[in-house]
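>>> Pasting the sequence and the predicted model now:
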Amino acid sequence: MKKIKALALDIDGTITDSQRLLSINAIKTIRKVENSGIPVILVTGNTAVYTYALTTSIGTTGGVVGENGGVMFKEGYKNNETIVFADKKYIDKAYNYLKENLTKEHQLKIVDDQYCRLSEVAFYRTMNADIIREILKDWNVKVYDSGFALHITDQNINKGITLEKLAKILKINPDNIMGIGDSENDLDFLDHVGIKIAVANASSNLKEKADYVCKKPNGDGVMEAVEKFIFND
Ligand SMILES: O=C(O)COP(=O)(O)O
Ligand SMILES: [Mg+2]
């Protein structure tokens, strides 16, 4: 069994429930892992500012991968700046092209304030992601349906690629990271970690990729996997 030197956690659907309410068991588990000397990294499609607030209030120390890999933040690195890896102007052009090419029945509603996203565009799930993929097929973008929002991101970045950059800063081999996720925007993420965990409510494609599928969902699944693989209970 690989030695786990960091725990990387998706947020929505993993440490939260389907209504995005944070799991108390997940918070307790994260603090237990941090107190054992293992840093916890948040790896999410959420914005940098949202994830920064969460890392501060929960007390994770491993840094943040936000906006599906479009942004990265680590306390004490590069003067605490949020590093941006995508060209938001290009993504905005793709989003405007999408809006111009949607039929009347499809209206898009931005998630969060468009201006607080630094590298991608996210909107509510009011339509099938495949329609968007078809309209944007000639654009250098990727379209994720996280189960909570639809995202248009730079096709050259993802959670896993940026997690590798953060792992380098932490001087931790990604092979010694246990990653836990719930949906399709975690597929790339789990490709880059040594121990791949899917919570019980995860999408079927993520469960297929996982080394272990939790019996329990959401935060209880995180607690289950941590007890099993980090504290060997
Ligand atoms: O931002 C989303 O749509 C989902 O967030 P997540 O990647 O933490 O599940
Ligand atoms: Mg998720």
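On my side now, so go ahead. Numbers count the residues shown, from 1 in each chain. Ligands and ions are numbered 1, 2, ... in the order given.

>>> who's in contact with residue 106?
126, 127, 131 (CB atoms under 8 Å, 6 or more residues apart in numbering). Yep, even glycine has a C-beta here, placed from its N, CA and C like the rest.

>>> okay but residue 187 is in contact with residue 206, surely?
Yes - counting by CB atoms under 8 Å, residue 206 is a contact partner of residue 187 at 6.2 Å.

>>> The two: who's more crowded?
Just comparing residue 187 and residue 206: by other CB atoms under 10 Å the higher neighbour count belongs to residue 206, 23 against 19.

>>> which of the contacts of residue 106 has the most neighbours?
Neighbour-wise, these (other CB under 10 Å) top out at residue 127, 17 neighbours.

>>> Provide the secondary structure category for that one.
coil (DSSP: H, G, I helix; E, B strand; the rest coil).

>>> and residue 205, helix, strand or coil?
Residue 205 ends up helix, using three-state DSSP.

>>> gap between it and ligand 1?
Counting by CB to the nearest ligand atom, to the nearest Å, the gap from residue 205 to ligand 1 is 15 Å.

>>> Residue 72 bridge partners, please.
In this entry, residue 72 is beta-bridged to residue 65, residue 83, by DSSP bridges.

>>> Pull up the residues of the chain that are close to ligand 2.
By CB under 5 Å from the ion, the residues of the chain that approach ligand 2 are 10, 12, 13, 182, 183.

>>> so where is the protein shaky, pLDDT-wise?
114-115 (pLDDT under 70).

>>> Let me know the outermost residue of it.
When distances to the mean C-alpha position of the chain are computed (CA atoms, centre = their mean), the maximum falls on residue 104, with 31.4 Å.

>>> Could you pull up phi and psi at that residue?
Main-chain torsions, residue 104, degrees, to the nearest 10: phi -50, psi -40.
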